[in-house]
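Novice: Below is the structure, and that's it, no one-letter string:
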């Protein structure tokens, strides 16, 4: 039996039993199973193609629902807005100021999901990664990574809601 099967079995038998206890906070098997299934469904449903904005939409919606303030470059911000997800627009590195690296350096960014594609985005990606590393900000470069990073926040949110 693997860990996923164990969690699923425990969620069926005893959903309120504690599965994770860390720093005084606990998560039940029911909540853990629910969050794991939601993550798996999202990854299967939305794919991981870096050029696919549609794959970003459910991640952005989930982050927004969890209370995150979103910042996006113009095209992505417009796409999100057309789908009723609020995101503050920001310039790409070569488009003007303040751009995403400026916001990183000023401490206004806590997490980056950047899915680069093409020659220009390679330049931006290098600058973003360098600034993220310097300022110790997590930088995720795939949508599957972005979805996976939602799990701890979703667990915290679900635990608070219990």
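Specialist: Sure, I can see it. Predicted model only: the values in this text are computed from it and were never measured.

Novice: contacting residues around the most centrally placed residue in the chain?
Specialist: For the chain, residue 146 is the residue whose C-alpha lies nearest the centre (C-alpha atoms, centre = their mean; 3.7 Å). By C-beta atoms under 8 Å, 6 or more residues apart in numbering, the residues touching residue 146 are 56, 59, 113, 140. The C-beta positions use only the backbone N, C-alpha and C, and glycine is treated the same way.

Novice: In this structure the last one contacts residue 128, no?
Specialist: Think residue 140. No. Using C-beta atoms under 8 Å, residue 140 is not in contact with residue 128; the gap is 11.1 Å.

Novice: Of these two, which one has the most company?
Specialist: residue 128 (24 against 18; other C-beta atoms under 10 Å).

Novice: Can you tell me the element that one falls in?
Specialist: Residue 128 belongs to helix 119-134 when assigned by DSSP states H and E.

Novice: For the next helix-or-strand element following that helix, which strands pair with it and how are they oriented?
Specialist: Later in the chain than helix 119-134, the nearest helix or strand by DSSP H and E is strand 139-140. When pairing is defined by DSSP bridges, strand 139-140 lines up against strand 112-113 (parallel).

Novice: looking only at pLDDT, what's the mean for the partner strand?
Specialist: Averaging pLDDT along strand 112-113 yields 84.

Novice: thinking again about what came up before, save the contacts of residue 146 as CSV, and put in distance to residue 13 too.
Specialist: Supplementary listing: these in CSV, determined by distance: C-beta to C-beta, whole Å:
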residue, distance to residue 13
56, 37
59, 32
113, 36
140, 35
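
Novice: Buried only: go through the residues you listed for me.
Specialist: Neighbour counting by 16 or more other C-beta atoms under 10 Å classes 56, 59, 113, 140 among these as buried.

Novice: All the helices of the protein, residue numbers only.
Specialist: Ranges of helices in the chain, per DSSP state H, are 3-13, 29-46, 53-65, 74-82, 100-105, 119-134, 143-148, 150-161.

Novice: picking up where we left off before, leaving aside the residues adjacent along the chain, what's closest to the residue nearest to the centre of the chain?
Specialist: residue 113 (4.2 Å; C-beta to C-beta, 6 or more residues apart in numbering).

Novice: who does that neighbour bridge with?
Specialist: residue 140.
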